[in-house]
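> got a sequence here, can you model it:
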Amino acid sequence: MSVRSMTGFASVRKAGGPDELSIGLKSVNHRGLDLHFHLPPELEAIETGLRAILKGAIARGHVQIQVTLTRAAGSAAGLNGKLLSDYVAAFREAQKLLALPNQEPDINAALRMPGMLQMGGDAEASDEVAAAALAGVQEALAVFNRCRETEGAATAKEMHERTAALLGLVARMEEIRAGAAPAFLKRLRERMDELLNGANVDPQRLAQEAALAADRSDIAEELVRLKTHAAQVDGLLAGEGEVGKRLDFLLQEMNREANTILSKTGGLGDLGLTLTELALAAKSEIDKIREQALNLE
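Numbering: from 1, shown residues only. As a prediction, this is how the structure comes out:
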């Protein structure tokens with residue numbers, strides 16, 4: 001199973017004896033798995049079975065499941081007498097409670113109520129129709145997941161391109177970092193000369209302070225971790241199963257590394273400005289990768 005998007009759509013038609021079923025699946029992004037069923041009254045009994053099927057094939061997303069049952073021509077419509085009586089009684093009670101003028105209930109409105117007309121007079125669909133509905137959802141699910149895999153592959157391709165761009169920025173920062181220590185020492189010496197106003201300074205002491213300051217400003221570890229995390233992103237995208245949540249955590253870590261680089265490069269003059277620009281570009285790539293990762297299951 002390849003990486004999947006959380007957005008997808010599928011629609012199939014299925015015969016259930018003389019009747020016909022129309023089944024649709026549609027999903028959008030969601031933190032977890034959120035299933036919403038829209039079933040005709042005759043098929044409400046199979047919701048538990050449908051839920052089990054979908055949970056076995058979908059990990060995340062807000063999923064709408066729409067099933068429509070069309071009875072064969074010639075099937076008689078049965079009236080739900082109890083529901084009609086309850087409707088009329090509620091109408092009379094509301095009329096009395098609100099002191100409304102006497103009038104007759106709207107029968108046309110009553111007949112449009114869900115469950116008022118039972119096609120074929122059956123409160124539940126036949127076993128044949130129920131089995132067809134379950135099989136139809138399985139077929140729709142296969143189409144649905146192929147759709148999500150196609151979109152997931154396109155998303156993964158863009159994310160791979162973004163990680164490649166990020167690695168290019170890291171390589172440039174590594175090149176600049178190699179010349180940062182001498183530049184920092186020179187800048188520190190100039191600053192110390194200004195502060196001491198010509199007084200003698202022990203060169204060894206100055207070198208020690210410069211080494212400590214350079215160590216505090218070194219970004220080698222952050223760059224190594226960025227490369228490692230970028231490789232992990234590519235590895236997750238090449239793997240199988242649910243990857244969205246793991247990618248989100250990994251990208252948070254990458255964003256923190258970029259922020260640390262920005263905090264360390266403020267005192268390196270022109271080199272620092274260049275590193276800052278590169279780190280900001282790296283953050284932009286990370287944010288774009290994260291936006292795409294939010295779409296993945």
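> I'd like to know how many residues surround residue 163.
21 (other C-beta atoms under 10 Å). (C-beta placed from N, C-alpha, C; glycine too.)
> residue 49 too?
With other C-beta under 10 Å as criterion, residue 49 counts 14.
> quick one: it from residue 130, how far?
8 Å (C-beta to C-beta, to the nearest Å).
> residues in contact with the residue nearest to residue 166 when sequence neighbours are not counted?
Excluding the flanking residues, the one nearest residue 166 by C-beta to C-beta, 6 or more residues apart in numbering is residue 285, at 4.5 Å. Counting by C-beta atoms under 8 Å, 6 or more residues apart in numbering, residue 285 touches 162, 163, 165, 166, 169.
> tell me the contacts of the fourth one?
By C-beta under 8 Å, 6+ apart, the residues touching residue 166 are 226, 230, 282, 285, 286, 289.
> from the residues you listed, which is closest to residue 140?
residue 289 (31.6 Å; C-beta to C-beta).
> phi, psi for residue 240 please.
phi -130, psi 170 (degrees, to the nearest 10).
> try residue 40
Residue 40 has phi and psi values of phi -70, psi 150 when expressed as degrees, to the nearest 10.
> right, and it touches residue 71 too?
No. Contact between residue 40 and residue 71 fails when scored by C-beta atoms under 8 Å: they sit 9.9 Å apart.
> all strands for the stretch 51-200 of the chain, in order.
Counting by DSSP state E, counting those that start in this stretch, the stretch 51-200 of the chain has strands at residues 61-70, 77-79, 117-119.
> which parts of the stretch 51-200 of the chain are helices?
Shown for the stretch 51-200 of the chain, the helices assigned by DSSP state H, counting those that start in this stretch span residues 81-97, 107-111, 127-178, 180-196.
> most tightly packed of those?
Most buried of those by mean neighbour count (mean count of other C-beta atoms under 10 Å) is helix 127-178; its value is a mean of 18.
> any idea how far that helix is from the chain center?
From the chain centre to the centre of helix 127-178 is a distance of 11 Å (C-alpha atoms, centre = their mean, to the nearest Å).
> check stretch 235-248 too.
12 Å.
> burial count for residue 33?
17.
> was I right to think it contacts residue 55?
Yes. The pair formed by residue 33 and residue 55 meets the contact definition of C-beta under 8 Å, at 6.8 Å.
> rewinding a little: mind checking pLDDT for the residue nearest to residue 166?
Residue 285 is assigned a predicted lDDT (pLDDT) of 97.
> cool, and residue 241?
pLDDT, read off for residue 241, is 74.
> return the distance of stretch 279-293 from the chain's centre.
16 Å.
> check contacts around the nearest residue to residue 49 once chain neighbours are set aside.
Among residues not flanking residue 49 along the chain, residue 134 sits closest, at 5.8 Å (C-beta to C-beta, 6+ apart). Listed by C-beta under 8 Å, 6+ apart, the contact partners of residue 134 are 46, 49, 50, 53.
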